[in-house]
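[1] after the sequence you'll find the predicted model.
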Amino acid sequence: MNAVAAPLRMDASRDHTHLHVALVGNPNCGKTALFNLLTGTRQKVANYAGVTIERKEGHYTAPSGRSVRVLDLPGAYSLAATSPDEAITRDVVTGQHAQEAAPDLIVCVADATNLRLHLRFVLEIARLGRPMLLALNMMDAARRRGIRIDTAALAQKLGMPVVETIAVKHGGANALIAQIDDAPPTHPYPQPATPSADLHAEVRSILAATVSVPRRTAAIDDAIDRVVLHPVLGLAILAIVMFLIFQAVFSWATPLHDGIDEGMQAAGAWIGNALPDGALRSLLTDGVFAGLGTVLAFLPQILILFLFILCLEESGYLPRAAFLLDRMMLSAGLTGRSFIPLLSSFACAIPGIMATRSIPDPRDRLTTILIAPLMTCSARLPVYALLIAAFIPQRTVLGVFNLQGIVLFTLYIGGIVSALLVAWVIKRLRRDKSEHALMMELPSYRMPHPRDIAIGLYERGMIFVKRVGGIILALTVLLWFLSSFPAPPAGASEPAIHYSLAGMIGRGLHTVFAPLGFNWQICIALVPGLAAREVAVSSLATVYALAGNEDGLQAVVAAQWSLATALSLLAWYVFAPMCISTLATVKRETGSMRNVLVLAGYLFGLAYLASLATYQIAKALGA
Amino acid sequence: MLLSELAMGASATVIEVKDSVTDDRIAQRLRDLGFVAGEPVRLVARGPLGADPLLVQIGYTRFALRRAEAARVTITTEAAP
Ligand SMILES: Nc1nc2c(ncn2[C@@H]2O[C@H](COP(=O)(O)OP(=O)(O)OP(=O)(O)O)[C@@H](O)[C@H]2O)c(=O)[nH]1
Ligand SMILES: [Mg+2]
C-alpha cells in the first residue's frame, strides 16, 4: 500500500511536471473507490456516509509522463462544516489547511444517481474560483436506472469539464485520467458565497435542462426498505442478522480451528523431537509453537466475523440499522450515528474510535469514544473462544442453535448492555443538555462484490497474521525469557517457572487478583495482554507448556481450572481495560489525558467488580 | 404544518426551514441538504420506538431526521405552486 497520511507540506512548490489533484465531493459518492482505481491503492471503501475520515495521498503517472499526486478527502455536504472530517475537506479546498497547500486542480466527484443533492456542493465549490472539473461517478448505476445525462450541456452550464466514471470497473476512470492530463486548468472567477436556496434553484434549473430521471429512487431500494425498516419486522431482522453472525463464528469455524491447532501442535512436536534438549528447543516448542499456534488457530473465527462485517458495510444495511436503533441509543445518551463506529469496534476499537470523527456533536462523539472499548473486539475472540470451547459443551439447543454460539452471543450482549449503561451514566453527569442532531443519509443498496470482499478478507487475515508474527511473537518470546530465567535453585521442588521472574510477578499480582479466582498463571498472562489482548492466550499456552503440560492449552484449562475461574476471566475480558494502543488512540483523538485516565479507570473498576461478583456468585453456587 | 406532522407515506412541499435558535446550525444544514422552498418531500418510514426518527425522501435522497429536526421544516400538502 503506498497511500499514507499526507506528510508535512508547507510550501506550495509547483512545477509543470507535477500536478496536485484533490478528490472532493459529497459523502459516499465514490471518491475513495476512484482514488484506489487511479493510484492502485486499497483504501477503505464502504457503502455509508463518512468512511474516509482523514486525507490520504497517492500517486500515479499520467499517460503524458507527468506525475500526479492525488489527495482523497473525507466527504462533505457543505463547506459550512459540522464535523471534524468535514472541516479537513473545507480547509484543504479553501487552501487554509495547515499542512496542505491548495490543490492545483479540484476533481469534484458526484454520484450520477444523486445529482439533486451533489450538484449543490459542486456549485458551492465552483464559487471558490479554483481550477476544477466534475467526475460523474456511478454511471453504471445511473444507466441501470434509466437516468440520462447530457454531459456536454452540463459541462457548458457549469463552465467546467465533465467526465463520466465508473469507479468500481477496471478502466472506469480512463476518461478522468485523460481529462486531468490534458485539461489546462480553467480559472473561473471567484464569486461570493451564495445562500443555499439560490444554489438549489440553480441546481434545479441545470437539472431540468440536462438530466432526465424516470424515477426519483431505485424501486428495489423502496421495496427492501419497506421490509427492513418496518417497525416490527425490521427489528426482528436486525436481531436475526446479529445472532447469525455469532452462530456462524462458532459453528463454521470450529473444524478449521481444530485443524490449524492440531497442525501447529504436530509441527511443534516434530521440531521438538528434531532438536536436542535445551533452551532453544524450549523456546521453539513452548514459546513459539505453543504460544503462537494457539493464537493463529483463531484465524478462521476472525475471518468469518469480518466476512459478515464487510458484506454488511458494502450492502448499505448499516445506516438502516442505525436508523432502527437511533431512538434506543438516544435514550442511552448516544446517537444512531454511534452505531457504525461501535460496530467497527467489534473488529478493533482503534478504527472504531477513529470513525467517530464523522459524528458532528462533540458530546456524542466523546461518549462513543469512551464506550467503544466495551464492544468486544476481535482480539478478545481467542480468549472467549478458548474458554467457551473448554467449558461449554458442544450441544444443540432447540434444534438449531449451537450452545457455544449462544454463550458467545451473550458475552457480546454483555459488552453492549454495559456500554449502554455507561453511556447513560455519562449522559446523567453531563450538564450541557442542548439538542443533538441526527440528519443521516441512507444510501442505495448495493450487492457486495465477491472480489472486493475476498480482497478485504485477505487484508484482514494478513493484518492478523502479521500481528501474530510481529508483536505477539515478540511478546511471547519475551514472556518465555521471563518465565525461564532465572533458573530454579538446585533441588527445587516446584516446576522451573515458579522460580522465574514471571513466576514472581505472577505471584505478586496474585494477591490482588485472588479474590477474582485468577491463579498465578492467569496473572502472568494479563501483563503482556496489555499490549495485545490475544497475547493472553499465547501467554497462557507458554506458561503452561513451560510448567510441563504437554497437552494443548484447551485441555489443560478444562482440566485444571474451576468453572468459576473461567467465568470470572470471561467477565474480566468483557471489560478488559488493558489495551495500550486503544488508550493511545483515545489520547490522540480527544487530545486529553483526562479522558484516557477516565477510560482506563472506569474499565478497570468495572472489570474488577464484574469478575469479583461472577467468581464469588459462581463459587457460592458450587461451580 | 410541520414536516414532523406529516402522515406516513404522504407527500408535501417545503415552505421553509425555521431557525429554532439564533444562528441555528442544524437548520442551516437542513437547507444545505435541500430543504428549501418548493422542494417536494415524502415521509418514507418511521423508527420503531416513538415513531422516531423519520425517514424523509427529498430530491433523490433519503435522510433520517429526528422529530426535533423535522419540526424546523414547515410544509404544505397542497399541490406545489
Ligand atoms: N455501482 C457503483 N458503485 C460505486 C461506484 N463508485 C463507488 N461505488 C460504491 O459506492 C460506495 C461508496 O464508495 P466510497 O469510495 O467509499 O465513497 P466515498 O466518496 O469515498 O465515501 P466517504 O469516504 O464516506 O465520503 C461503495 O459501496 C462503493 O462500492 C461506481 O462507479 N459504481
Ligand atoms: Mg472515502
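    Received it, and whenever you're ready, just let me know what you need. Ligands and ions are numbered 1, 2, ... in the order given.
[2] nearest residue to residue 74 in space, please, no chain neighbours.
    Since you didn't name a chain, this refers to chain A. Using Cβ to Cβ, 6 or more residues apart in numbering or on different chains and skipping the chain neighbours, the partner closest in space to residue A:74 is residue A:85 (3.7 Å). All C-beta spots, glycine's among them, are computed from the backbone N, C-alpha and C.
[3] try again with chain B
    residue B:15 (4.5 Å).
[4] that neighbour - that's part of a strand, no?
    Yes. Counting by DSSP: H, G, I helix; E, B strand; the rest coil, residue B:15 falls inside a strand.
[5] what about the residue of the stretch 501-623 of chain A found nearest chain B, how many residues close to it?
    Residue nearest to chain B within the stretch 501-623 of chain A: residue A:590 (21.5 Å; Cβ to the nearest Cβ). Burial measure for residue A:590: 19 neighbouring residues, criterion other Cβ atoms under 10 Å in any protein chain shown.
[6] helix/strand/coil for whatever residue of the stretch 151-300 of chain A ends up closest to ligand 1?
    Closest to ligand 1 within the stretch 151-300 of chain A is residue A:167: 3.4 Å, counting by Cβ to the nearest ligand atom. Three-state assignment for residue A:167 (three-state DSSP): coil.
[7] gap between it and ligand 2?
    Per Cβ to the ion, to the nearest Å, residue A:167 is found 10 Å from ligand 2.
[8] test my guess that that residue contacts residue A:34.
    Yes. Residue A:167 lies in contact with residue A:34 (Cβ atoms under 8 Å); the separation is 4.4 Å.
[9] for chain B, which residues are neighbours of chain A?
    Counting by Cβ under 8 Å from any Cβ of the partner chain, chain B comes close to chain A at B:25-26, B:28-34, B:36-37, B:39, B:44-50, B:52-53, B:55, B:57, B:59-66, B:68-69.
[10] ok, of the residues you listed, which come out buried?
    B:26, B:28-34, B:36, B:39, B:44-49, B:52-53, B:55, B:57, B:59-66, B:68-69 (16 or more other Cβ atoms under 10 Å in any protein chain shown).
[11] return the subset of these lying in helices.
    Taking DSSP state H, the ones among these that sit in helices are B:26, B:28, B:29, B:30, B:31, B:32, B:68, B:69.
[12] need those in TSV (columns: pLDDT and distance to residue A:380).
    Below are those laid out as TSV (pLDDT from 0 to 100; distance: Cβ to Cβ, whole Å):
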residue	pLDDT	distance to residue A:380
B:26	90	38
B:28	92	42
B:29	93	38
B:30	95	41
B:31	94	45
B:32	93	41
B:68	90	37
B:69	92	37
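[13] farthest pair within those residues?
    Taking Cβ to Cβ as the measure, those span a maximum distance of 18.0 Å, between B:32 and B:68.
[14] and the next helix or strand past the host helix or strand of the residue nearest to residue A:74?
    Taking DSSP states H and E as the criterion, the element that holds residue A:85 is helix A:84-93. Using DSSP H and E, the helix or strand that follows helix A:84-93 towards the C-terminus is strand A:105-111.
[15] what residue in chain A comes nearest to ligand 1?
    residue A:75 (2.4 Å).
[16] same question but for chain B, I mixed them up
    Closest point on chain B to ligand 1, by Cβ to the nearest ligand atom, is residue B:61, at 14.2 Å.
[17] so what's the residue lying closest to that residue once chain neighbours are set aside up against?
    Distances taken as Cβ to Cβ, 6+ apart put residue A:117 closest to residue B:61, at 4.9 Å, once the chain neighbours are dropped. Under the criterion of Cβ atoms under 8 Å, 6 or more residues apart in numbering or on different chains, the neighbours of residue A:117 are A:26, A:77, B:33, B:34, B:59, B:60, B:61.
[18] look at residue A:117 and tell me its secondary structure.
    helix.
[19] just the endpoints, please. Distance across stretch A:143-160?
    23 Å (Cα to Cα, to the nearest Å).
[20] oh, that last question was meant for stretch A:427-445, not what I typed.
    34 Å.
[21] give the buried residues for it.
    In stretch A:427-445, counting by 16+ other Cβ under 10 Å, buried: A:427, A:436, A:437, A:438, A:439, A:440, A:441, A:442, A:443, A:444, A:445.
[22] which of the residues you listed lies closest to residue A:526?
    Using Cβ to Cβ, these come closest to residue A:526 at residue A:427, 31.6 Å.
[23] from ligand 2, how far out is the closest one?
    31 Å.
[24] helices or strands up against the host helix or strand of that residue?
    Element membership for residue A:427, per DSSP H and E: helix A:403-429. If you count contacts as 3 or more Cβ pairs under 8 Å, 6 or more residues apart in numbering or on different chains; DSSP states H and E, helix A:403-429 packs onto helix A:233-251, helix A:317-331, helix A:362-371, helix A:381-391, strand A:396-397, helix A:563-575, helix A:593-620.
[25] for those, give me CSV that also has distance to residue A:89, mean pLDDT and mean neighbour count.
    Listed next are these as CSV, based on distance: least, Cβ to Cβ, whole Å; pLDDT from 0 to 100; neighbours: other Cβ atoms under 10 Å in any protein chain shown:
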stretch, distance to residue A:89, mean pLDDT, mean neighbour count
helix A:233-251, 32, 84, 17
helix A:317-331, 20, 91, 22
helix A:362-371, 18, 91, 23
helix A:381-391, 36, 85, 22
strand A:396-397, 50, 75, 10
helix A:563-575, 37, 90, 24
helix A:593-620, 26, 92, 17
